Structure formats: C-alpha cells, structure tokens
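>>> Give me a 3D structure for the following:
(chains A, B and C)
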Amino acid sequence: MSQHAATDVRLHKVKTAGERRHTPATLVAGLILLTILVAIAIFAPLIAPYNPEAQNATALLQGISAHHWLGTDELGRDVFSRLLYATRVDLEISVAAVAASWLIGTSLGLLAGYAGGIIDAIIMRLVDFVMAFPFYVLIIALVFVIGSGFGSILLALIVVGWVSYARIVRGEVRVVATREYIAAARMTGIRGRWLLLRHVLPNVVVQPVVYAMSDVINVILAIVTLGFLGLGVQPPTPEWGLMISDGSDFLATHWGLATFPTIAVVITGLAFSLIGDGFAELVAEG
Amino acid sequence: MPYGSYLTRRLLSGLVTLFGITLVVFLMIHLVPGDPARVLLGPHATAQEIATLHAEWGLNRPIWIQYGLYVKRVVTGNLGSSLFYQIPVSQLIGERLPLTLYLMAFSAVLALIIALPLATLAALRRDRLADHIVRIFSQIGLSVPAVWLGLILITLISVKAHALPVGGYGTGAAAHFRSLILPSLTIALSIFPTLTRSLRASLIVVLDSDYIASAKARGLSWPRVVIVHGIRNAIPPTVTVLGLNIGYLVGSTVAVETIFALPGLGSLMIQAVLSRDFPVVQGVAIVYGVLVLVINLATDLTHTALEPRLVEQ
Amino acid sequence: MTDTRGRRGRAGLCATALLGVVALCLAACGGSAATGSGGSSSGPQHGGSITIGQVGDPQSLDPTQTYANQSILIIKNVYEMLYDSTTNGQSFTPWLATGYSLSANKLAWTFYLRKGVKFANGQPLTSADVKFSIERAMAKNSVWNFIDVVISDITTPSPSTVVIHTKTPIASMLAIVSLYGNAILPNNFAGKTATQFFQRPFGTGPFKVSSWIHGQSLTVVKNPHYWQKGKPYLDSATFTDVPNDNTRLLQLQGNQIQIDEFPAWSQLSQIQANSSTTLATVPSTEVEMLLFNEHVKPFQDIHVREAINLALNRSALVREVLFGHGSPIGTFLAPNIPLSTAQPVPAYSLTKAKAQMAMSSVPHGFSTTLNIASGSALESAVGQVVQQELAPIGIKVSIQQLDAGTWFSDITALKYDMSTVYVNTDIADASELVEAAAGTGGNWVDWNDPALTKIANQAGAVFSQAERKQLYAEYLSEYDAHYPVADLFLSPWVYALAKNVHGFQIMLTGNYRLANVWLSK
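Model (predicted):
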C-alpha cells in the first residue's frame, strides 16, 4: 500500500505538470456562479415580479404558487422578489467592504513592510490591537457606537477588516524585500518607488486576493447575522439575515421563509469558495 | 534559555496588547455623541448623579488622566453598574462567563471530533472522490449561517423528536450538559471546515514524509502508522489553527447563545447593545479581549514549547 | 427581531408616567373564567412547581422603581397591599387591612390591619411596615411620587392601625393604596440593605424570592406563613427569561414551561390547535396608536392629520399585525372602560385622504420619521405597514427603531415626528386616559385645547355617573374630530398555557394571581 501511495503522489505531480496551462475547473465553476449572482443583483428590478416591500394583507404566509413562486411572508410580500433584491443588498455591502478593506490593508501593509522602523511598528501594533478582539465582538461594539443600518455596518466591517490584509501584505513585503534580485536591482540603481511597484507588487497581490475570497464569505455571514440580531440592515429593506429572522417564527409551518435566504447565502459562499480554491490552484502551479 | 527570553518577550507583548484593549474600549465611550456621563447613566439620570460621575471619572480633565483612572478602575474589577439590571457589571459577567467558556470548550472538542475523521479520509483519498466530497461538504458548512443551523436543529431535534431541551440552560450539571449539546454542535459545524482543511494539509505533509515511508518499509501496519504518527504530528498545527480562529469561535457564541436562550456572555452583549446598556457593552468587550489574549498566549507558548525552532526566528 | 420584550409591560407606562394613576382594576365583563377543565373532582391539587416563560428579566423588584410587566407580575405575588381589586375588578376588597374609617374632615384615613398576617420570614405585619413602605413610595425618586403626593403624612397610633393623612379630600384613597407601588415591605428591609433585600425580596404575599440569576431565571417558593390558609397550591414557580417568541412557544409545546407570558399573535391559532396547549384571553383596554408631534410643522395642519387617519387601513393592520386577534378602533378609550362611549372608526378611503392632502399646506407630501420600539415583532410590523399605507398619499415614512428606554423618553420629551405608543387604563374610569390625552399635566402630543380641558375638569368634579358619561362622550367626539392622533386597534390580553394549568385568571391590568394556580398531573 505504501508503494501505491508513493506512486500516486508521483503520478499526481506528473499530471499537474501537464495540466499547468489549463484553468482549474473550480475557478471556472466559481466564476460562472458568481456572474449569475451579480447578474441577479444588477437586474433584480427587471426580474422581480413584485415590489419587494409591497405588502398584501389578503395573501399572508402563502405557499409556493403560480402567483408567488416562493410564496409570501408574514406581511404578504413576495418571497422571490425579496430574495432577488436581498442578493443586491448583501452583495453590495460585502463586496464594498472587502474591496475597501483590501485596498486600505494592502496600502498600509506595503507602507509598513517597505518603510520599516517606527511606521511599521505603529501600524502593526494597531493591527494587533484590532485583532485582539473577536471579530463579531468588535463589529457589534462599533455598531453600538455608530448605530445600525447599511452605512454603519459597512464602516464597521472596513474598520475591522483591513487588518488581515495589512498583516499578509506586510509579511509578503518583508519576505520579498530580502530576496536577491531586490538587492541586485538596488545595486543597478533603480529608484525606491519603482522597485516597490515593479518587483514587489505582483508577489503581494496574490495572497490577499486568495484571502479576500474566504473573507467575503465571513463578511456575508457577519451581515446576515447582524441583520438577524436586529443590528444590521433595518427593515423593510430586504436582506437575507432579516428574512431569516422574520422566517424563524415559522420554521415549523413555513420552513421556506427562513430556508430560501439560507440557500442563497450558501450558494454565494460556495461561489467565492470555488473561486478562492481555483485561484490558489492556478497560482500554485503557475 | 532561548525559550525563557521568548516567554518574557511574549508576555510583555501580551501586556501591551492588554493595554491596547483597554484603550480601544475606553475610546468607545468618547465616540458616542453626547455627554459620556449621560450615556453611561441612561436617560433617567439626575443632575446630581451626572455631576458625581464627572468628578469620579475626571471627565473634565485631560484624556490621558481619564484613561489612567479608567485603567485603575478596570484593574480593581470595577466595571461600572448595569443600567438595565442595576447590579455591578462584574457580577453579571461573573454569573455568565462560565457558560460561555463551557460552550467554547464543548464546541472546540466537537469540531475536532468532526474534523479528524473527515480530514483523515480526505488525506488518505487525496484528489479522489472522497476528498472532493469532503471539500464540498466543508465549503457548504463554511457558508451556512449558524443562526439558521441552530434554529433548524432546535426544530428537528428538540421539537419534533423531543430529544433535547429547547433552549435555556436548566439547573444542575446534567441539564447544563444537555442544554449545551445543540448549541455546541451548531458552532462546531461552523468551524469544522477550517480545521478539516488544515488537518488535511498537515496530514498530507506527514504522510508524504520519509518517516512514514521508512515506517512502512519496516512493515508497520498502515492504519497504525497513520493514526499513531500521522495524526499525532498533525494535531499541534491544527490546535494552532484552532487558536488562531478562536476569534471566530468566540464570536459564534454571540449569535448562538441568543438563539438558544443561553444566559452567557454573548447573549448579554447583544441584549446590552439593544437596550443601550453601555457599561455592560464596555465590560463584556474587555472580557472578550482578555479571553482571546489569554488563549492566544497559551496557544503560542504551547506551540513554541513543542517546536523550539520557531523561537529563533 | 421576534421578541416582544416589555411590550405589555408598560401597562401603566403612559398613563401613570403622565399623570396621577388611580389603580382600580376592571376585569372586563365576560372575562374568561378560570381555566382548566377541573378534571379532578376533589378540587385544586397541592404541590408541584411551574415554569413561566417571560420576555425579559424582571430587572427590578422594587415596587417604587418599576413598571415593567415582568416585574409587576412577580411583585404582585410577593408583596401585598392594604386593599386589592376584586376578582371581577369592579371594586376593592380589604386585603392586608380589614377595613377603614374616614375622619369627619375627610383628611385622615384610618386603616385597621388584619390580624395574624406574617411576612415570609415569620415576623408579623405591623403599622411600622406600612408607614415605611408608603413613605418610600412617596419619596422623590419613586416613580409613583406624583400619585402619593396627595398624602401629607402617615402616623401609626398602634401596631395594628395606620392613619394616612391627605392634604385635600381624596375620594380615590382605596385605589391609591391598592396600587402595587404602595405594596407593603418589611420595615427597614428586615435589617438588610436595600440592595441585598431586593435581590431576594419577600413580603406578606404567597411567594418569596429564593434565587435570581439575572437574565436567566428567578425562582419563588411558597410563603410558609401565608395568611390565606391552604394557599398557594404550588410549591414553587420559576420565571425564565426567554426573549425569543418562537423559543418560548416551543418550550411550551415541549412542556419545558407551563405558561407562556407573551405568545406572538402569529402563533395563536397554532396554540389553540395544539392539543396540549390552550389560550387564556381577556379583552383589554390596550389601544395602539400613532402620535403626531404638535410642534412639528406638517402635523399642525388638521388636513394632514385627517388624511393620515383616512389613509390607514385599520382592518389590514389587524390582519397583518395581530393576525386577526383584535379590532380596529377610532378612539383611545376602549369600549369596556366605564363611562366610555364607542366612537366611529374613520373609514378607510384613499380618495378622501388624497383630497385632504390636496387641501393641506403640503399637497405634494413630505418626509417624516416614525419612532418605534425595537425588539418587538408587533412594533416592527406596525411600522412597516404604516410606512406602506402612507406612501400613496405622498408621505414618505422612514422607520427609526429605538431601544425601549429611549423610545419612551423621546415620547415624554416630545422628541419625535411620529411615534407609536400604546395605552391602557389602570382604573375603572375614563378619567385617567382622558387626562393623559389632553391634560395640563403634559400629554402625548402636547395637544392644548382649553375647551377640552374644561370638559375634562368638569367631568372629574361631578358626582353623577350619568352626567360624567355624557361629558366624556362630548369630550371624545370633540377630541377625535381634531385627529390629534391616529388610533389603530384594540388588542386583548393573551396567555398561552399548558392544558394541566388550572385556576388561571387574567385581571384587566393583564396580570394573574399565582396563589390560585394549580397543576393537575
């Protein structure tokens, strides 16, 4: 059996060497899924059969029907339409939060890694302080201070989110900065800033992007959990967490109300997960 | 020798972080618009009470003096008084901290119990169907909101099957244990994907190693080799990963405690936020910060004690 | 959020905090009889322990400091008053006092204490305990001091007599002493500090507090020295803190709790359909309404206020918010309050509403904020429905969720554009709510109409009930014609019980006597 395992390993390596130029299937699958979700988010107003906030007192808690593809909720609103619009809300906040965190974190990480010394010390200490708190505790405390709602949770997520990127990027910069070609480039007189961009950047972009893919999932879960607890996006804005919360009273009788938004979250998470894995594979073999 | 100085450095670093935690929490009150005394005492505070607090807390004095007074209070265990319950915050926290600690420990254990077999399977059947299934299963687990999961578990197991209590903590150790099963399971199902991934990676490294090859060549039976050597070597890095993710473990307790009506630190925080009970929010934030600090410290120290090479970095 | 924390708890909140409260309970005519099939022909069974699911922690068991319902429920089973309301709530019955006599100048009320009453720690009830307790309620920091302000002095001529002196003649003294805020505590807290005492309080009542873990549960055990022999039937009761509506219901269905204090409206039909649970319900006087701040420009225009009243579809509200368990109402005075006269409900008409807006100072509509209390599924639903219903007439409502404390203090401080609020009466008389609506002592919206104040004062001074009723009818139609508020609906008191709970009866203030409750096996 051990022989078998060893051969397996070698064969595996040979195979991947041959496959090197092909884009991993996971990456493709993830990108397709994500494109569908983004399309839903953008075209929600065109696709949704009803206004997501329109109530109908005569059609409360209805099941799946031709009129309402996923039924109605406790205020008579169409669940399918709400789901589509909620996709928009949740994706908007999460993508914006991660993008901003990535931008700010990468910039500060570059600064810290490249400048070194006191600037590095200050930035990294700041990172330590923020990381000392559990993610949710800090977000909730920030929401408490700033208030709840769309803008506030976005701000809170960014304030807490940039630190991981800063730490990763700074780490990468310090690793790269010791490599010989930087030393060699220095000897040939290339100026500091150019050095930074040309040689360091490519190496420090990859890791954060991979991390970002798993970060998005956590951010989405945070938005959903905050919404569920009443600290996030406020009603009547459709949002997955709010839909789960509203539907939780009816799990025994109308399980769809809380479960459909959950499925949406899972699919979205899966999409980013696949992209993250695929990208990592791509880069590892490249 | 090197370990001793590492220990000192690490402890000092922890101390600085501790001050950082108190600083962040201290600054929170000054970010809320309005008079801090009013925020801390609530809308029914009398002018007398506000004046007293201004004097005690030095709210008219420079900010670093206020911070100093604040640290002094925290160190002596004075975390203020809850606006909602009218009892000292430290008493409230003392009543509720044990539950959260049990929940965290129980969840970590369950997560390992789930992750271990899955990771072993995935590592042994690397890149084959089983591996992919485990990966998909992990990815789904990673994306499912714990809030929905908890509610479903209650509906299916507590209500339909009457097998376990519906929320609450009960009285007595046996009832406590039964009450913590579903909440711990919910948290465990949220964090097992990360553990599985890291455990799998570590196992693969170990399985590929020359040590295993030579053990096999010497005729030791396969399962024994995997279990005894493979897992044993893969656990330290996994425990480290668990420690690194302690932030998420702790954070999950917040929502899960609320759903399961568990009177722990997490549900206390949520309720304090919803009722604008500022002293409690501050107090709980500090306790959480210290908790994470202590756990990280313990993880770091154990890890480097087991892997002395890291000390020299 | 699905929890309804403290919702009904502010039973006396608006009325009591806004004016003098006279606490006379009124059980509605036709109120539900004691529950339970009385399966056992030998009557109530002794023993057993009951678990009650509450929406939140009681917070404070100091009767002079709280009006949260989960507190009142426990307070009324631990302490007792000199007089209490009768079972049907129509009048008062001697309780810790056996009778009284009024001096000739009507300024001194002498109460004769019942013999043989002991506190739960065994010490006998004396006049010193009464003086101590009521003086606490009169103190500046007591939430009831504006009621007890009519009391000038309390004297204790003997250990079994107490004399309450008033500044002017007060007809409603019995109502005042039966207010739970004036409940009798042991003198000087039986040697403990106030803080110590209120963590494990006890009184002369059927139960005393044996343990209290904040945010988790509070347990009471029977008072072995209780003066009503044979009661309470139960050995103990545990009040658990379960904020989530769904969890509470599930616990009831799983027999983890036997009483759900606050079933959500959406769950009521489920509860009735389930063979192991039942509903106890009684018409209340609780009216939900929308307040318009009279200091905010658009709301000073009667056309705007009338337009809003016409644009609100109250039947839809009842369906969506109460799931049908309630009725639309057009005035703040519920029909089952004595001296109340039914008023017409504004008929829902978008056309007429739009016409009113066209005639108003803001024909193109305006934007405004609606304050609601957070953590309540009902408030959230009311907010969203009102937002939807006012949109067609050009009023853009944004909902602002505030924690209960801030929501309420903003109402009293008039810091809102529109706000929800609910009111109910603590006395079997229209006067309390009428004063709250437009009295000189501050009212919900700062409605100042001298004509109305005149009618209200007249009605309070007259002694003929028929004349008073006529005056109040005049008052109501005059008030409602100006649409100072938008009354939405009337909802009943509801409790969900396990089928083996007996002796459970709801008073008009929404609470029940735990001493009469027993469990069958």
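>>> Chain A: helices as residue ranges?
Along chain A, the segments classed as helices by DSSP state H run A:2-19, A:25-47, A:79-115, A:117-131, A:135-146, A:150-177, A:180-187, A:192-195, A:201-229, A:240-248, A:256-285.
>>> can you count the residues close to residue 240?
Since you didn't name a chain, this refers to chain A. 30 (other Cβ atoms under 10 Å in any protein chain shown). (Glycine included, C-beta is placed from N, CA and C.)
>>> if you could check chain C rather than the one you did, that'd help
Neighbour count of residue C:240, defined by other Cβ under 10 Å: 25.
>>> I figured it hits residue C:53, correct?
Yes - at 5.7 Å, residue C:240 counts as touching residue C:53 under the criterion of Cβ atoms under 8 Å.
>>> Show me the common contact partners of the two, please.
Taking Cβ atoms under 8 Å, 6 or more residues apart in numbering or on different chains as the contact rule, residue C:240 and residue C:53 both touch residue C:257.
>>> Could you export the helices of chain A as TSV, including distance to residue C:381?
Output for the helices of chain A, formatted as TSV (distance: least, Cβ to Cβ, whole Å):
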stretch	distance to residue C:381
helix A:2-19	56
helix A:25-47	24
helix A:79-115	15
helix A:117-131	38
helix A:135-146	23
helix A:150-177	21
helix A:180-187	63
helix A:192-195	58
helix A:201-229	17
helix A:240-248	10
helix A:256-285	15
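>>> Pick the most deeply packed of those helices.
Comparing the helices of chain A by mean neighbour count (mean count of other Cβ atoms under 10 Å in any protein chain shown), helix A:240-248 ranks first with a mean of 26.
>>> now what about it, what contacts it?
A:73-74, A:79, A:82-83, A:86-87, A:90, A:223-230, A:232-233, A:235, A:254-262, A:264-265, B:145, B:147-148, B:151, C:1-2, C:246.
>>> go with 6 Å
Applying Cβ atoms under 6 Å, 6 or more residues apart in numbering or on different chains, the contact partners of helix A:240-248 are A:86, A:90, A:224, A:227-228, A:232, A:235, A:257-258, A:261, A:264-265, B:148, B:151, C:246.
>>> cool, and stretch C:478-491?
C:286-291, C:305-306, C:308-309, C:312, C:314, C:317-318, C:322, C:326-332, C:334, C:343, C:445, C:447.
>>> which residue sits closest to the residue in the stretch 51-200 of chain B that chain A sits nearest to, ignoring its sequence neighbours?
Per Cβ to the nearest Cβ, residue B:143 is where the stretch 51-200 of chain B lies closest to chain A, at 2.5 Å. Computed as Cβ to Cβ, 6 or more residues apart in numbering or on different chains, the closest residue to residue B:143 that is not its neighbour in sequence is residue A:269, at 2.5 Å.
>>> So what does residue C:102 have for phi and psi?
When read as degrees, to the nearest 10, the backbone of residue C:102 gives phi -110, psi 140.
>>> Quickly note the distance from the residue nearest to it when sequence neighbours are not counted to chain A.
Nearest residue to residue C:102, sequence neighbours excluded (Cβ to Cβ, 6+ apart): residue C:109, at 5.8 Å. Separation of residue C:109 from chain A (Cβ to the nearest Cβ, to the nearest Å): 49 Å.
>>> A helix includes residue C:109, no?
No - per DSSP: H, G, I helix; E, B strand; the rest coil, residue C:109 lies outside any helix segment and is strand.
>>> quick one: the helices in the stretch 151-300 of chain B?
Shown for the stretch 151-300 of chain B, the helices assigned by DSSP state H, counting those that start in this stretch span residues B:173-208, B:210-217, B:222-224, B:232-244, B:246-259, B:265-274, B:278-306.
>>> do the fourth one and chain A meet?
No - among the residues of helix B:232-244, none lie within reach of chain A under Cβ under 6 Å from any Cβ of the partner chain; the closest is 9.9 Å away.
>>> buried stuff in that helix?
Residues B:233, B:234, B:235, B:237, B:238, B:239, B:240, B:241, B:242, B:243 are the ones in helix B:232-244 that count as buried (16 or more other Cβ atoms under 10 Å in any protein chain shown).
>>> would you turn the residues you listed into TSV with distance to residue A:66?
As requested, the buried residues of helix B:232-244 are exported to TSV (distance: Cβ to Cβ, whole Å):
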residue	distance to residue A:66
B:233	59
B:234	54
B:235	56
B:237	55
B:238	51
B:239	55
B:240	55
B:241	50
B:242	50
B:243	53
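>>> thinking again about what came up before, out of the contacts of stretch C:478-491, which are inside strands?
C:286, C:287, C:288, C:289, C:290, C:291, C:327, C:328 (DSSP state E).
>>> For residue A:280, give its distance to residue A:213.
Counting by Cβ to Cβ, to the nearest Å, the gap from residue A:280 to residue A:213 is 9 Å.
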